[in-house]
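Asker: coordinates only, no sequence provided:
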């Protein structure tokens with residue numbers, strides 16, 4: 001019986017594969033350039049126009065300052081440091097904003113911050129409490145290393161008690177694995 005159906009299955013497979021179409025590479029480039037999502041020509045394997053090229057030092061400076069703002073307005077809005085699962089190590093992406101917070105604290109000796117460490121809902125309450133504290137201490141150590149005064153930075157752990165995003169999925173868990181920089185005047 002299997003041998004009798006085999007030619008039919010092969011015929012159907014051949015018909016379906018014949019219906020497939022190949023994307024036109026020139027059309028892909030046109031859509032990429034003309035559509036709502038612009039693509040840098042270098043990503044399409046084309047030469048990069050001089051107008052899109054920037055000197056290396058300027059490009060490096062822009063990369064260092066983007067997307068995090070280093071001014072005081074940026075400090076008011078960029079307060080969370082996010083962590084990988086079961087980790088308290090600060091990712092290099094967060095160093096510029098922590099440097100900016102430390103500079104602010106160094107320039108304003110009366111300013112005080114509280115670093116609140118958080119964890120996602122996975123893990124025991126005791127484990128999440130310890131992990132939140134480690135995250136807060138890691139942010140504190142980075143701030144102190146960048147010039148903030150030791151008396152200016154306190155730590156607290158909320159464990160999983162204060163989630164930023166409710167949910168039982170990776171998006172919510174990732175949002176809740178964090179430490180927040182809270183300026184004391186905002187109690």
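Answerer: Yep, it's here. Treat the numbers as computed from the prediction; the structure is a model and nothing was measured. Numbers count the residues shown, from 1 in each chain.
Asker: contacts only, for residue 114.
Answerer: By CB atoms under 8 Å, 6 or more residues apart in numbering, the contact list for residue 114 reads 153-156, 182, 184. Where you see a C-beta, it was placed from the backbone N, CA and C, and this is true even at glycine.
Asker: ok, now with 10 Å
Answerer: By CB atoms under 10 Å, 6 or more residues apart in numbering, the residues touching residue 114 are 136, 140, 153-156, 180-184, 186-187.
Asker: among the residues you listed, who's most crowded?
Answerer: Within the contacts of residue 114, most neighbours by other CB atoms under 10 Å means residue 136, with 26 neighbours.
Asker: any chance you could map the strands in the protein?
Answerer: Using DSSP state E, the strands of the chain run over 80-82, 113-118, 153-159, 178-183.
Asker: could you dump those to JSON lines with mean pLDDT and distance to residue 88?
Answerer: Output for the strands of the chain, formatted as JSON lines (pLDDT from 0 to 100; distance: least, CB to CB, whole Å):
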{"stretch": "strand 80-82", "mean pLDDT": "96", "distance to residue 88": "10"}
{"stretch": "strand 113-118", "mean pLDDT": "98", "distance to residue 88": "8"}
{"stretch": "strand 153-159", "mean pLDDT": "97", "distance to residue 88": "11"}
{"stretch": "strand 178-183", "mean pLDDT": "96", "distance to residue 88": "9"}
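Asker: make TSV out of these and add distance to residue 101.
Answerer: Output for the strands of the chain, formatted as TSV (distance: least, CB to CB, whole Å):
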stretch	distance to residue 101
strand 80-82	10
strand 113-118	7
strand 153-159	9
strand 178-183	6
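Asker: looking at those strands, which is closest to residue 130?
Answerer: Nearest of these to residue 130, taken as CB to CB: strand 153-159 at 7.5 Å.
Asker: strands paired with that closest one, and their directions?
Answerer: strand 113-118 (parallel) (DSSP bridges).
Asker: angle of the strand it pairs with against strand 178-183?
Answerer: Put simply, strand 113-118 runs at 160 degrees to strand 178-183, going by axes from the mean of the first three to the mean of the last three CA atoms, to 10 degrees.
Asker: shouldn't residue 170 be in contact with residue 84?
Answerer: No - assessed by CB atoms under 10 Å, residue 170 is found out of contact with residue 84, at 11.8 Å.
Asker: can you list the weak-confidence ranges in the protein?
Answerer: 1-3, 7-9, 11-74, 186-187 (pLDDT under 70).
Asker: could you point out the longest helix in it?
Answerer: Determined from DSSP state H, the single longest helix within the chain is helix 125-145.
Asker: tell me which other helices or strands that one touches.
Answerer: With contacts taken as 3 or more CB pairs under 10 Å, 6 or more residues apart in numbering; DSSP states H and E, helix 125-145 sits against strand 80-82, helix 95-107, strand 113-118, strand 153-159, strand 178-183.
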